[in-house]
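Asks: Let me see the structure of the following:
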Amino acid sequence: MSASTLTPRTESYLQEVARRLPPRAREDVSRELRGTVADMVDDGVARGLPPAEAERRALEELGDPALLAEDYGPGPRHLIGPAHYHDFRELLRVLVPVLAGVFGGLTLLGRLFGEAGREDLVTYLALSLAPAVGAAIQGALMGAGIAVVVYAVVERTEAAEAARRGAPGAPESDAEQAPRWSVDRLPPPRPERDSTVGELVWATIGLGLAFAAPFLLSRPLLREGPLAGEPLLDPAVWTPWVPLYLGLLLLAWGWELLRFHRRRWSWALFGANAVLDLAMAALLITVLRTESVVNPVFRERGWVGGEFAQIGVAVVVLITVWDLVATFLACRRSLGRS
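Replies: As a prediction, this is how the structure comes out:
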């Protein structure tokens with residue numbers, strides 16, 4: 001059978017292949033496939049098959065036109081293939097929480113300072129939190145987009161390089177061969193990481209908010225009314241308690257950096273964390289039991305009751321015990337896997 005006398009069925013098959021190819025490749029591929037199908041039909045007829053049956057078998061042997069077009073395409077038809085999917089997910093797990101945390105945390109800090117002094121606490125929190133949540137979502141989407149773009153480019157760059165090294169029809173001696181994999185290319189073994197970059201970022205944001213709290217509470221709480229211009233935090237607490245509090249927060253941040261650097265828990269890390277927890281708890285309980293903490297003006301007007309200190313002490317004790325138990329269990333699990 002001549003390539004110019006193929007039936008509409010074959011022409012339809014060729015069109016299904018060609019429409020999935022770049023325009024510049026369609027004519028050459030169609031010409032090649034047309035000749036291939038004609039040869040296969042002639043072989044089938046020579047074996048005693050009717051021309052229509054020989055054509056059907058030839059097309060079915062070539063297979064799904066969509067899959068056949070993949071073989072003729074100049075590059076991958078998937079966005080991120082299996083060779084890079086694991087690395088893509090790892091980058092995604094880093095970028096999404098990091099950028100969400102950075103965008104959301106910085107926006108929240110800026111809005112907390114910018115909206116300070118509003119009389120309505122609900123409005124103050126809403127105007128601070130809503131933009132921060134939006135910024136966190138924007139950061140997460142940006143992180144996901146960066147990861148997708150990076151590995152989509154890597155996928156196509158490697159495919160183009162592979163096609164250049166060993167283009168179909170090129171002499172074997174002229175085609176550059178990809179280096180053969182060897183065990184010498186294996187990296188040295190590394191211990192599993194107990195903490196991720198995302199956890200470090202979120203811990204940094206939490207400590208940053210705690211660090212900013214004394215400065216926020218020292219700003220005027222209300223803009224109008226008899227309490228206008230009065231901060232919620234008692235100015236007398238600043239000396240010497242607030243500097244000690246800020247110093248412990250900096251040590252806690254240093255501990256987070258050390259834990260990330262060490263990759264795995266150790267009893268020494270747990271001990272350092274326990275010391276910091278107990279030191280912070282002792283400081284806060286001492287301040288709550290010996291200082292007014294809240295501006296006396298608010299106490300005089302009945303905004304803060306006498307049970308404030310007791311509730312504050314209970315909250316500090318509860319958080320401290322919870323953190324000690326959680327870190328102890330995490331350390332024991334980590335060492336149990338070693």
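
Asks: got the end-to-end distance for stretch 231-245?
Replies: Criterion Cα to Cα, to the nearest Å; first-to-last residue distance in stretch 231-245 is 19 Å.

Asks: mind checking how far that stretch is from the chain centre?
Replies: 38 Å (Cα atoms, centre = their mean, to the nearest Å).

Asks: Can you list the buried residues in that stretch?
Replies: By neighbour count with 16 or more other Cβ atoms under 10 Å, stretch 231-245 contains the buried residues P231, L232, L233, D234, V237, W241, V242, Y245. Every residue, glycine included, has its C-beta placed from N, CA and C.

Asks: can you tell me which of those residues are in helices?
Replies: Using DSSP state H, the members of the buried residues of stretch 231-245 that fall in helices are W241, V242, Y245.

Asks: any idea how far the last one is from F215?
Replies: In this structure, Y245 lies at 12 Å from F215, with Cβ to Cβ, to the nearest Å as the measure.

Asks: Which element, helix or strand, includes the closest residue to V133 other than its chain neighbours?
Replies: Take V133 and drop its neighbours on the chain: the residue closest to it by Cβ to Cβ, 6 or more residues apart in numbering is G104, 6.8 Å away. Per DSSP states H and E, G104 falls inside helix 82-114.

Asks: Give me the helices and strands touching the least confident helix or strand in the chain by mean pLDDT, please.
Replies: Scoring the helices and strands of the chain by mean pLDDT, DSSP states H and E places helix 296-300 at the bottom, with a mean of 75. On a contact count with 3 or more Cβ pairs under 8 Å, 6 or more residues apart in numbering; DSSP states H and E, helix 296-300 meets no helix or strand.

Asks: list the buried ones in the helix or strand that that helix is followed by?
Replies: Along the chain past helix 296-300, the next helix or strand (assigned with DSSP H and E) turns out to be helix 308-337. Buried residues in helix 308-337, counted by 16+ other Cβ under 10 Å: F308, A309, G312, V313, V316, T320, D323, L324, T327, A330, C331, S334.

Asks: Kindly report the same for stretch 98-111.
Replies: For stretch 98-111, using 16+ other Cβ under 10 Å, the buried residues are V98, L99, A100, G101, V102, F103, G104, G105, T107, L108, L109, R111.

Asks: Quick check: L251 vs W241, distance?
Replies: In terms of Cβ to Cβ, L251 sits 16 Å off from W241.

Asks: And for G114?
Replies: As judged by Cβ to Cβ, G114 and W241 stand 27 Å apart.

Asks: Distance-wise, check the residue nearest the centre of the chain relative to A252.
Replies: Nearest to the mean C-alpha position of the chain, by Cα atoms, centre = their mean, lies V96 at 2.5 Å. V96 is 25 Å from A252, where distance means Cβ to Cβ.

Asks: and stretch 315-334, C-alpha only, in CSV?
Replies: What follows is stretch 315-334, C-alpha atoms only, in CSV (Å, rounded to 0.1, in the frame of the first residue of the first chain):
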residue,chain,number,x,y,z
VAL,A,315,-1.5,29.6,82.9
VAL,A,316,2.3,29.9,83.3
VAL,A,317,2.4,26.6,85.2
LEU,A,318,0.2,24.8,82.7
ILE,A,319,2.2,25.9,79.7
THR,A,320,5.5,25.1,81.4
VAL,A,321,4.4,21.6,82.4
TRP,A,322,3.0,20.9,78.9
ASP,A,323,6.3,22.0,77.2
LEU,A,324,8.4,20.0,79.5
VAL,A,325,6.3,16.8,79.0
ALA,A,326,6.2,17.4,75.2
THR,A,327,9.9,17.9,74.8
PHE,A,328,10.7,14.9,77.1
LEU,A,329,8.6,12.6,74.9
ALA,A,330,10.0,14.0,71.7
CYS,A,331,13.6,13.5,73.0
ARG,A,332,12.9,10.0,74.1
ARG,A,333,11.3,9.1,70.8
SER,A,334,14.2,10.5,68.9
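
Asks: Can you tell me what sits against that stretch?
Replies: For stretch 315-334, the external contacting residues (Cβ atoms under 8 Å, 6 or more residues apart in numbering) are 194, 264-267, 269-270, 273-274, 277-278, 280-281, 284-285, 288.

Asks: closest to P50 among the buried residues of stretch 231-245?
Replies: Y245 (91.5 Å; Cβ to Cβ).

Asks: residues in contact with that closest one?
Replies: P214, M280, L283, L284 are the contacts of Y245 under Cβ under 8 Å, 6+ apart.

Asks: right, and L14 touches L33 too?
Replies: Yes. Using Cβ atoms under 8 Å as the test, L14 is close enough to L33 to be in contact (5.7 Å).

Asks: quick one: low-confidence parts of this structure?
Replies: 1-6, 73-77, 115-121, 162-187, 189-191, 221-229, 302-306, 338 (pLDDT under 70).

Asks: mind running it again at 50?
Replies: Residues of the chain meeting the criterion pLDDT under 50: 3, 167-177.

Asks: Which SSE is immediately downstream of the lengthiest helix in the chain?
Replies: The longest helix of the chain (DSSP H) is helix 121-165. Downstream of helix 121-165, the next assigned helix or strand under DSSP H and E is helix 197-217.
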